[in-house]
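A.B. asks: Build me a model:
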Amino acid sequence: MKPDFDAYSLALLEDGRILHTSKEPGLKPLLTCLEQFADHRGCTLHDRVIGLAAARLIAHSRIIDHVVTGVASDPAELFLSAEGIDIRSDRTVSNILTRDRSAVCPGEKIALETPEMQPFLERIHALTGKS
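C.D. replies: Next up is the predicted model:
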């Protein structure tokens, strides 16, 4: 199934069937999705943008085997590939930037600066307001 990023920014699929969609930007809808469907395995994720923070959350969840995205950062592609998760992107960039393109986005920065998983998760939850 080809992503429809006009209809959603994120979709979780299982066996070709859409389980969840969101139109919200950022990491918060991904966190919500991964928590809500934590008992699933072998899913496909369509996400408009995949940076290293999203990639680390995806791998940590263990529910996603395939990622399809419009834009992925180089670190995200390398990380997911090393974790055995298939990723297909329309475009690859050095890093995910803020909307005004003035800096590396906060999630990508946290992921690059915080190698240990628990501190990474704590910082991402603080960033997104998810507890």
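
A.B. asks: okay, now Leu127: neighbour count?
C.D. replies: Counted with other C-beta atoms under 10 Å, the neighbours of Leu127 add up to 16. No exception for glycine: its C-beta is placed from N, CA and C like everyone else's.

A.B. asks: Residue numbering should commence at 12 henceforth.
C.D. replies: Got it, the first residue is 12 from now on, which makes the last one we talked about Leu138.

A.B. asks: surely it meets Gly118?
C.D. replies: Yes - Leu138 is within contact range of Gly118, at 6.5 Å (criterion: C-beta atoms under 8 Å).

A.B. asks: tell me, what's touching those two both at once?
C.D. replies: Leu38 (C-beta atoms under 8 Å, 6 or more residues apart in numbering).

A.B. asks: Need the single longest strand in the chain, by residues.
C.D. replies: strand 75-84 (DSSP state E).

A.B. asks: so what does that one touch, helix or strand wise?
C.D. replies: strand 54-61, helix 63-72, strand 97-104 (3 or more C-beta pairs under 8 Å, 6 or more residues apart in numbering; DSSP states H and E).

A.B. asks: Given the first one, what are its sheet partners and their directions?
C.D. replies: Each strand paired with strand 54-61, and its direction, by DSSP bridges: strand 21-25 (antiparallel), strand 75-84 (parallel).

A.B. asks: Mean neighbour count, distance to Pro14 and mean pLDDT added to those strands, as a markdown table?
C.D. replies: Formatted as a markdown table, the strands paired with strand 54-61 follow (neighbours: other C-beta atoms under 10 Å; distance: least, C-beta to C-beta, whole Å; pLDDT from 0 to 100):
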| stretch | mean neighbour count | distance to Pro14 | mean pLDDT |
| --- | --- | --- | --- |
| strand 21-25 | 21 | 7 | 98 |
| strand 75-84 | 21 | 5 | 98 |
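
A.B. asks: As JSON lines, the ones you listed with distance to Glu94 would be great.
C.D. replies: Output for the strands paired with strand 54-61, formatted as JSON lines (distance: least, C-beta to C-beta, whole Å):
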{"stretch": "strand 21-25", "distance to Glu94": "18"}
{"stretch": "strand 75-84", "distance to Glu94": "10"}
